[in-house]
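Asker: Sharing a model that was predicted from the sequence below.
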Amino acid sequence: MKENDTTLPVNEDDQQVRLPISATTPDGVFVAPLGGGLVSLSANALPGELPALLISRLQREAHRRRLAVVQGNVFADPALGLDNAPAEFPVSFLSRHDTPPNALHGARVLALPHGSFDRINLPTGIPVGAHWETPSARYLLLGALTPADTTASLASQSADVWRDLRSILLSQGFALTDIVRTWFFNHRILEWYDDFNRVRTAFFNENNIFGTLVPASTGVGASNPHNAALSLDALAIAPKRDTATTAIAVPSPLQCPANDYKSAFSRAVEVNDTTGRHLLISGTASIELNGTTAHKDDLDAQIKLSLRVVGAILNSRNMDWGNVSRGILYFPKIEWMSRFEPCRAALGLPALPVIFAHCDICRDDLLFEIELDAFQPHK
């Protein structure tokens, strides 16, 4: 993984030094830039590591770089989130409904320079994200949003989350059309994905999302500590007037638009701001150009096709695998996770900064999904 020239101040033995921002630390944390000043820190769990220690490992590296964590995801037995979630920023503990007790796979957090942002809390005091500004845009990052009434129908809970998202956006001076990326972690997604898509499409129609920018998105099957139907993360960006910040949908050269099979998201979105170009690639699986599943029952072939699809999106934006800042690998079966590295190596790809997650994919014949972010700083 190539390093870029961007550096951040780090305190080493009470002296200020500077380290490359894109780097793997000695204790296995991969640090890399994203747009708008965000920094990604991600790591897979070490043998025997507890969730609190994994989160602390990421926070410690953020602190070394004078950063504060503003949002996170831990892919682990959701029950672990009841006792291990930090109080100051939103963290979602997520995994497939049948993940073994105490299982822990990986985590990622997003961070910003100390003093550069305002934290956002619900009236109950629960943290839900952060708001910050750059010279060219305003940013809002939200995490771990769940419906208040977890006894309602699955579709009703989904609609409630959308309404809550809209309410928070409006309270912070953002519009729904400012959303560039969403992440949905749906409990037993295979049982109600059609209903989820109907709710999302209706919400997009109601709020004119299709007339502007359809966000990039991930939608996978994962339970949460609250027994809610779903958990939502979102990123919104509002360019300031007369600035060069832009957000555009990016098509996939090897796949049809997701809306062709009634799933309302863009394959990728690229944000170009004063720091560089941030490419947010949606959850990507083994889907043919016509929208059907490719390579049914062949895990290795599905992994390889998914990587080729992502590679084509990167290349279409004049990026390559060396620009990748972070990625998440979703597997419905834990024992399948060991197949990723041989498939990556067989394609001749470099080692990638990815973490593993035990989650269902949105079709029962899809065996693997990958999402990632890439960043190209302006020269």
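Answerer: It's in.

Asker: count of neighbours near residue 248?
Answerer: 13 (other CB atoms under 10 Å). Where C-beta positions appear, they are placed from N, C-alpha and C, glycine not excepted.

Asker: same question but for residue 194, I mixed them up
Answerer: Using other CB under 10 Å: residue 194 sits among 12 other residues.

Asker: gap between it and residue 322?
Answerer: Noted for residue 194: a distance of 39 Å to residue 322, by CB to CB, to the nearest Å.

Asker: try residue 363
Answerer: Between residue 363 and residue 322 the distance is 31 Å, computed by CB to CB.

Asker: and if you look at residue 26?
Answerer: Note on residue 26: its distance to residue 322, by CB to CB, is 21 Å.

Asker: Have a look at the two and say which one is more surrounded.
Answerer: Neighbours were counted for residue 26 and for residue 322 using other CB under 10 Å; residue 322 has more, 15 against 5.

Asker: So that one versus residue 181, what's the distance?
Answerer: Note on residue 322: its distance to residue 181, by CB to CB, is 22 Å.

Asker: Same check on residue 60?
Answerer: Distance from residue 60 to residue 181, by CB to CB: 27 Å.

Asker: Looking at the two, which one has more neighbours?
Answerer: residue 181 (26 against 14).

Asker: Now the more buried one: which helix or strand?
Answerer: strand 179-186 (DSSP states H and E).

Asker: Return the alpha-carbon coordinates of that strand using CSV.
Answerer: Taking Å, rounded to 0.1, in the frame of the first residue of the first chain, the C-alpha atoms of strand 179-186 are listed here in CSV:
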residue,chain,number,x,y,z
ILE,A,179,-26.3,12.8,2.0
VAL,A,180,-23.4,11.2,0.0
ARG,A,181,-23.1,7.9,1.8
THR,A,182,-25.2,5.6,3.9
TRP,A,183,-24.6,2.3,5.7
PHE,A,184,-27.5,0.0,6.7
PHE,A,185,-27.0,-3.0,9.0
ASN,A,186,-30.3,-4.9,8.9
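
Asker: and that strand, what does it pack onto?
Answerer: Contact analysis of strand 179-186 by 3 or more CB pairs under 8 Å, 6 or more residues apart in numbering; DSSP states H and E lists helix 193-206, strand 216-221, strand 230-239, strand 268-272 as its packing neighbours.

Asker: what residues are up against residue 201?
Answerer: With contact taken as CB atoms under 8 Å, 6 or more residues apart in numbering, residue 201 is in contact with 262, 264.

Asker: do the same with residue 134
Answerer: 36, 37, 245, 273, 274, 275.

Asker: For PyMOL, what selects the buried ones among these?
Answerer: Selection of buried members from these for PyMOL, criterion 16 or more other CB atoms under 10 Å:
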select buried, resi 36+37+245+273+275
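
Asker: now the contacts of residue 134 as JSON lines including distance to residue 201, secondary structure and pLDDT?
Answerer: Below are the contacts of residue 134 laid out as JSON lines (distance: CB to CB, whole Å; DSSP: H, G, I helix; E, B strand; the rest coil; pLDDT from 0 to 100):
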{"residue": "36", "distance to residue 201": "28", "secondary structure": "helix", "pLDDT": "94"}
{"residue": "37", "distance to residue 201": "33", "secondary structure": "helix", "pLDDT": "95"}
{"residue": "245", "distance to residue 201": "28", "secondary structure": "coil", "pLDDT": "89"}
{"residue": "273", "distance to residue 201": "29", "secondary structure": "coil", "pLDDT": "92"}
{"residue": "274", "distance to residue 201": "34", "secondary structure": "coil", "pLDDT": "88"}
{"residue": "275", "distance to residue 201": "33", "secondary structure": "coil", "pLDDT": "88"}
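
Asker: Need the max-distance pair from the contacts of residue 134.
Answerer: Using CB to CB, the two most remote members of those are 37 and 245, lying 12.4 Å apart.

Asker: Identify the residue nearest the geometric centre of this protein.
Answerer: When CA atoms, centre = their mean is applied to the chain, the residue found nearest the centroid is residue 183 (6.0 Å).
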